[in-house]
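Colleague: The following comprises the amino acid sequence and a computationally predicted model.
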Amino acid sequence: MRFLRKSNIEIVAMFCLALFLCSCASSKTVVTPDKTVLSPALIKKPIVITGSGFQPKETVVVELIVPKGVELKGLKDVDKVGIAVATADDKGNFKTKVGAIIVLQTFFQVGWKNGKPDFKQAKPLPPRKYEILSTGVMSNKECTSILEFVPPPKKK
C-alpha cells in the first residue's frame, strides 16, 4: 500500500511538471539583436522584441530585470524597469521596439541639459547579460529572453 501511494504522488508530480513546462514553452520572446554594443546607433536602429503565445489583443509589458549591483540613475532599489509596451495581435503575437528615450534614459542614463541629452553626464549600463521579462497584463503570462551588452571594440 505504501508503494502505491508513493507511485501516485510521483505521477501527480510528473504531471504538474509537464503542465508547467508546456505552459512555458507555449510563450516565447526574442530580442533582436540579442548581443550588441551599447552605442547611440541603437537610437537609429533600435532593439526589437517579438513575442508569441499571449492572449489575442493583450497588452504586453516589457521590462529589463535590474541585476544586483547595477544602479539606475534616479531610481532606488528597483528590480525591474519598463522598456517597452506592445499589444498582441489576433493570434497573440507582438512586436515592439525599445524607443530612443529608453535607450538614452535607461541604457545610457544620460544627463539632460537644455532639453537635450548630455552624454558627458552619462552612466551607461555595464556590459553584461540582462534578462528581459515580457508579461501579459490580462493572462499574467511571463516570458524571458536575454539582451547582452558587450564592451565596445578596443581602439587601435
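Modeller: It's in. Numbering: from 1, shown residues only.
Colleague: Ramachandran angles for S39?
Modeller: phi -140, psi 160 (degrees, to the nearest 10).
Colleague: same question but for K44, I mixed them up
Modeller: Backbone geometry at K44, expressed as degrees, to the nearest 10, gives phi -80, psi -40.
Colleague: mind listing the strands for the chain?
Modeller: Ranges of strands within the chain are 28-32, 35-37, 48-52, 59-65, 80-87, 94-97, 111-113, 116-118, 128-136, 142-150, based on DSSP state E.
Colleague: Bridged to E142, which residues?
Modeller: On the basis of DSSP bridges, E142 is bridged to T135.
Colleague: One more: the one 4 residues further on?
Modeller: Using DSSP bridges, the bridge partners assigned to I146 are E131.
Colleague: ditto for the one 4 residues further on
Modeller: In this entry, V150 is beta-bridged to V37, by DSSP bridges.
Colleague: And for it, the neighbour number?
Modeller: Neighbour count of V150, defined by other Cβ atoms under 10 Å: 12. Just so you know, the C-beta spots here come from the backbone N, C-alpha and C atoms, and that holds for glycine as well.
Colleague: Next: V110.
Modeller: The criterion is other Cβ under 10 Å. On that basis, V110 has 20 neighbouring residues.
Colleague: From the centroid of the protein, which residue is nearest?
Modeller: Among the residues of the chain, the one closest to the centroid is I132, at 1.6 Å (Cα atoms, centre = their mean).
Colleague: Low-confidence ranges, this structure, go.
Modeller: 1-25 (pLDDT under 70).
Colleague: re the thing from before, show me the residues around the residue nearest to the centre of the chain that make contact.
Modeller: T29, V31, I49, V62, E63, L64, I65, I83, T144, S145, I146, L147 (Cβ atoms under 8 Å, 6 or more residues apart in numbering).
Colleague: Verify the stated contact: the last one with I47.
Modeller: Read that as L147. Yes - with contact defined as Cβ atoms under 8 Å, L147 reaches I47; the gap is 6.8 Å.
Colleague: Give the residues shared as contacts by these two.
Modeller: Applying Cβ under 8 Å, 6+ apart, one finds that L147 and I47 are jointly contacted by V31, T36.
Colleague: what's the closest residue in space to V103 that isn't next to it in sequence in contact with, if anything?
Modeller: Closest residue in space to V103, ignoring its immediate chain neighbours: L42 at 4.9 Å, by Cβ to Cβ, 6 or more residues apart in numbering. Contacts for L42 were tallied using Cβ under 8 Å, 6+ apart; they are T36, V98, V103, F107.
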